[in-house]
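Novice: Here's a sequence, model it:
(2 chains)
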Amino acid sequence: DGGITQSPKYLFRKEGQNVTLSCEQNLNHDAMYWYRQDPGQGLRLIYYSQIVNDFQKGDIAEGYSVSREKKESFPLTVTSAQKNPTAFYLCASSSPGENTGELFFGEGSRLTVL
Amino acid sequence: DQQVKQNSPSLSVQEGRISILNCDYTNSMFDYFLWYKKYPAEGPTFLISISSIKDKNEDGRFTVFLNKSAKHLSLHIVPSQPGDSAVYFCAASAYDSWGKLQFGAGTQVVVTP
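Specialist: Numbers count the residues shown, from 1 in each chain, chains lettered A, B, ... in the order given. Below you'll find the model as predicted:
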């Protein structure tokens, strides 16, 4: 069945290490997004991609990097430059043709920096 | 600068009663509003939406009301059920920023028997 798969679900990292979160979708959606959720805050947009080989910074892109080499995949790398990386990360996708703005989310990846 | 605000972090309601969740926004360019429901350790799921050309949208037990002049929307859940216990996020987007949603901080709803 169609959906968005994020892995790993839980990840621990030592300070100074880069880590890559995987996001794969089989919904045939053109657009994909990465959001971050912190306690007591709404979801904040990190990066988004509306088409393969193209992506734009969101509201809090510093310390993160992405790639979009395939329509189905939008991995997020949390670099050592990200000052406060411990958070819940959510990947989402959408289809511009549906014109609703509705996002479909994966189940999230919780990153903890030790 | 938070453009979408949910000022009530939590709401407790008895089963069978009405839950009313509120959301305010500041950006007059927003023209589409959505509500998402989220359980712990899961991604949000879409619940209901409303376009700025409407002032009400209903889907079963869920109704969203939009007051553009007040830049305010609300979600009504009637009757509330135990399975409705979750965090509810209000989100908004502007036509020229399609897909880039701005989210509120969420309201934790607890439905008690």
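Novice: Which stretches in chain B count as strands?
Specialist: In chain B, the segments counted as strands under DSSP state E are B:4-5, B:10-14, B:19-25, B:30-38, B:45-51, B:56-59, B:62-67, B:72-77, B:86-94, B:102-103, B:107-112.
Novice: Output those strands as a markdown table; include the columns mean pLDDT, distance to A:S73 and mean neighbour count.
Specialist: C-beta here means a position set from N, CA and C on the backbone, and glycine is covered the same way. A markdown table is the format used below for the strands of chain B (pLDDT from 0 to 100; distance: least, CB to CB, whole Å; neighbours: other CB atoms under 10 Å in any protein chain shown):
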| stretch | mean pLDDT | distance to A:S73 | mean neighbour count |
| --- | --- | --- | --- |
| strand B:4-5 | 95 | 29 | 20 |
| strand B:10-14 | 97 | 37 | 14 |
| strand B:19-25 | 98 | 33 | 20 |
| strand B:30-38 | 94 | 24 | 22 |
| strand B:45-51 | 93 | 22 | 17 |
| strand B:56-59 | 96 | 33 | 12 |
| strand B:62-67 | 98 | 34 | 18 |
| strand B:72-77 | 98 | 34 | 20 |
| strand B:86-94 | 94 | 24 | 23 |
| strand B:102-103 | 92 | 24 | 22 |
| strand B:107-112 | 97 | 33 | 17 |
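Novice: Would you mind putting those into CSV with distance to chain A alongside?
Specialist: Conversion of the strands of chain B to CSV gives the following (distance: least, CB to the nearest CB, whole Å):
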stretch, distance to chain A
strand B:4-5, 7
strand B:10-14, 11
strand B:19-25, 11
strand B:30-38, 5
strand B:45-51, 5
strand B:56-59, 12
strand B:62-67, 14
strand B:72-77, 14
strand B:86-94, 5
strand B:102-103, 3
strand B:107-112, 10
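Novice: For A:R110, find the nearest of the ones you listed.
Specialist: strand B:30-38 (13.7 Å; CB to CB).
Novice: so where's chain A shaky on pLDDT?
Specialist: Counting by pLDDT under 70, chain A has low-confidence residues at A:1, A:96-101.
Novice: Give me every residue in it lying close to chain B.
Specialist: Residues of chain A lying close to chain B by CB under 8 Å from any CB of the partner chain are A:4, A:6, A:9, A:31, A:33, A:35, A:40-45, A:48, A:50, A:58, A:90, A:92, A:94, A:96, A:100-108, A:110.
Novice: OK, contacts around A:E24?
Specialist: A:4-5, A:72-73 (CB atoms under 8 Å, 6 or more residues apart in numbering or on different chains).
Novice: ok, the residue nearest to the spatial centre of chain A - contacts?
Specialist: Of all residues in chain A, the one closest to the mean position by CA atoms, centre = their mean is A:W34, 2.8 Å from it. The contact partners of A:W34, taken as CB under 8 Å, 6+ apart, are A:21, A:23, A:45-48, A:58, A:64, A:66, A:74, A:76, A:89-92.
Novice: Which members of these are positioned in strands?
Specialist: A:21, A:23, A:45-48, A:64, A:66, A:76, A:89-92.
Novice: what ranges do the strands span in chain A?
Specialist: A:4-7, A:10-13, A:19-25, A:31-37, A:43-51, A:54-57, A:64-66, A:76-78, A:87-94, A:104-105, A:109-113.
Novice: Columns neighbour count on top of the ones in strands among the contacts of A:W34, output as CSV?
Specialist: Below are these laid out as CSV (neighbours: other CB atoms under 10 Å in any protein chain shown):
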residue, neighbour count
A:L21, 23
A:C23, 24
A:L45, 22
A:I46, 26
A:Y47, 22
A:Y48, 24
A:Y64, 21
A:V66, 23
A:L76, 22
A:Y89, 23
A:L90, 26
A:C91, 28
A:A92, 27
